[in-house]
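1. only geometry, no sequence info:
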């Protein structure tokens, strides 16, 4: 049975999170576990999906709680995709922000992702009919990654 709940970063094991990000090929996160730790700790809301003890999905939101909510990450293990888990994670995560009007996300250009986000009520900015909207994005070069030492190897470190 899969459970979905709002969690704190300290409720997650880094090795589980790295395994999930790796399973969906989000390697920028797995190459820099310290940055991932900081991102999880700095998130406004984390929602985890577990199948028994296995972390099978995660949604991460950044928000000021009043005017904007940014859906940063939504991941589901490939073995658990196409079961409604992604939708449930997003709905649970965004459910924390019922009074926030702007709900934003940036994603890559995959047709399945476009259809998924549109099914959740998102609209690409070029298709938005509620007024003139532009989205801008800036990606700075990634910082150099440091090698993990034995004391902070992901398989043994919790997100505390």
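-> Everything's here; your move. This structure is a prediction, so every number in the text was calculated from the model and none was measured.
2. Helix or strand: which one has the residue lying closest to residue 62 once chain neighbours are set aside?
-> Excluding its sequence neighbours, the residue lying closest to residue 62 (Cβ to Cβ, 6 or more residues apart in numbering) is residue 70, at 4.6 Å. Just so you know, the C-beta spots here come from the backbone N, C-alpha and C atoms, and that holds for glycine as well. According to DSSP states H and E, residue 70 maps onto strand 68-76.
3. Downstream of that strand, the next helix or strand is which one?
-> Counting by DSSP H and E, the next helix or strand C-terminal to strand 68-76 is helix 85-94.
4. by how many degrees do that following helix and strand 68-76 diverge?
-> 150 degrees (axes from the mean of the first three to the mean of the last three Cα atoms, to 10 degrees).
5. residue contacts, the closest residue to residue 135 other than its chain neighbours?
-> Spatial nearest neighbour of residue 135, excluding adjacent residues (Cβ to Cβ, 6+ apart): residue 125 at 4.7 Å. By Cβ atoms under 8 Å, 6 or more residues apart in numbering, the contact list for residue 125 reads 133-135.
6. And for residue 36?
-> By Cβ under 8 Å, 6+ apart, residue 36 lies in contact with 14, 17-18, 21, 29-30.
7. Let's see that with 7 Å instead.
-> Going by Cβ atoms under 7 Å, 6 or more residues apart in numbering, residue 36 touches 17, 29.
8. Okay, and it sits in which element?
-> Assigned by DSSP H and E, residue 36 falls within helix 33-42.
9. Who are the packing partners of the following helix or strand past that helix?
-> Next helix or strand after helix 33-42 toward the C-terminus (DSSP H and E): strand 45-51. When contacts are defined as 3 or more Cβ pairs under 7 Å, 6 or more residues apart in numbering; DSSP states H and E, strand 45-51 sits against strand 2-7, strand 54-63, helix 85-94.
10. what do you get if the cut-off is 10 Å, keeping everything else the same?
-> The contact analysis (3 or more Cβ pairs under 10 Å, 6 or more residues apart in numbering; DSSP states H and E) places strand 45-51 against strand 2-7, helix 14-23, strand 54-63, strand 68-76, helix 85-94.
11. contact partners of the last one?
-> The contact list for helix 85-94 (Cβ atoms under 10 Å, 6 or more residues apart in numbering) reads 2, 4-6, 43-49, 51, 56-61, 63, 69, 71-77, 80, 84, 100, 103, 105, 113, 116-117, 119-122.
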